[in-house]
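> model the following, please.
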Amino acid sequence: MKAAVSGVSKTQIIKYIKETYDQSDEQIRQLLRLCNFKSKPKTINYKAFADRQFTSEARRLYFPFTQLYIADDFLTADECQELIKASATILRPSTVADPGDTKAVTKYRTSKTADLHYFNSPFLNYVDNKIADFMGLNPFLGETMQAQKYAPGEYYKAHHDYFCPLLREFKTYTEWMGQRTWTFMLYLNDVEEGGETLFKHLKLKIKPTAGKAIVWNNLYSNGIPNPKTMHEALPPISGDKYVVTKWWRSWPLI
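Predicted structure coming up:
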């Protein structure tokens, strides 16, 4: 249940249970029934997702049909350092999703990733709740916070955060919790040179500074993916770069 409400796909959970506990298909079906997860709703009000009313701490960067906000001092420098410390010992190679849900390690993304689940400490729970309050969204719509570390020269090439309806991955990753709606990204440190987030189609480049959050809606108000949200993590040239990202989905499991 912890994994499921964190955004892990049904496919991946079933695979893990089979490999780790040698359970049959029927036993797994019984386990999932015991979880009593909510079913996908008949309709999803994506306009309600678009109608976020952020606090005065955030300012909007205006682009046609695209929602993107910046909050310069979302966390203090000490809180950012605490998040860096929390991720330091659990970093693993970052992966890219594929249709088979194998989470492949590729040259397309060369950073390190750490899962920061709010179950793990009161401080992580505080940060997770602070993000949910800022977003004005049900906390159970959120995936687990992920920290990413980019050493000099490491990057994540241009990509979208939404799941493309035209690709086979769509069914795998949206069967539970649906499409990704909003992205919340928080910079944890100042990067002296490089490391910007580039929105190619918006001709926008954002420089990392500690405590700054950038927030964007991956969809139009009718729920159709917005291709202008394509973005890229440029490699830091001097020093490491740390960020925390939290994605929000369309419907909760619990």
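> could you use CA atoms for every contact and neighbour count after this?
Fine.
> before we move on, what SS does the nearest residue to Ile90 once chain neighbours are set aside have?
Spatial nearest neighbour of Ile90, chain neighbours left out: Ala114 (5.6 Å); criterion: Cα to Cα, 6 or more residues apart in numbering. Classification of Ala114 by DSSP: H, G, I helix; E, B strand; the rest coil places it in strand.
> wait, doesn't Ala114 sit right on Gln148?
Yes - contact criterion Cα atoms under 8 Å: Ala114 and Gln148 qualify, at 6.5 Å.
> these two: which is more packed in?
Gln148 (25 against 21; other Cα atoms under 10 Å).
> over to that one: give its phi and psi.
Here is the backbone geometry of Gln148 (degrees, to the nearest 10): phi -130, psi 140.
> number of nearby residues for the closest residue to it other than its chain neighbours?
Once flanking residues are discounted, Gln148 sits nearest to Thr113: 4.5 Å by Cα to Cα, 6+ apart. Residues lying near Thr113 (other Cα under 10 Å) number 22.
> please apply the same query to Gln30.
With other Cα under 10 Å as criterion, Gln30 counts 11.
> Provide the secondary structure category for it.
Using three-state DSSP, the structure places Gln30 in helix.
> Glu232 now?
Going by three-state DSSP: Glu232 is strand.
> I figured it hits His201, correct?
No - counting by Cα under 8 Å, Glu232 does not reach His201; the two are 10.9 Å apart.
> okay, these two: which has more neighbours?
More neighbours surround Glu232 than the other of Glu232 and His201, with 20 against 11 (other Cα under 10 Å).
> separation between that one and Lys38?
Computed as Cα to Cα, to the nearest Å, the Glu232 to Lys38 distance reads 34 Å.
> next up, the contacts around the nearest residue to Tyr220 once chain neighbours are set aside.
Distances taken as Cα to Cα, 6+ apart place Asn226 nearest to Tyr220, at 5.7 Å, with adjacent residues excluded. The contact partners of Asn226, by Cα atoms under 8 Å, 6 or more residues apart in numbering, come to Thr66, Asn218, Leu219, Tyr220.
> tell me the one among the residues you listed nearest to Thr95.
Asn218 (20.1 Å; Cα to Cα).
> just checking, the closest one touches Phe184?
No - shown here, Asn218 and Phe184 do not form a contact pair, counting by Cα under 8 Å, at 10.6 Å.
> of those two, who's got more company?
Neighbours per residue (other Cα under 10 Å) separate Asn218 from Phe184, with Asn218 holding more: 29 against 21.
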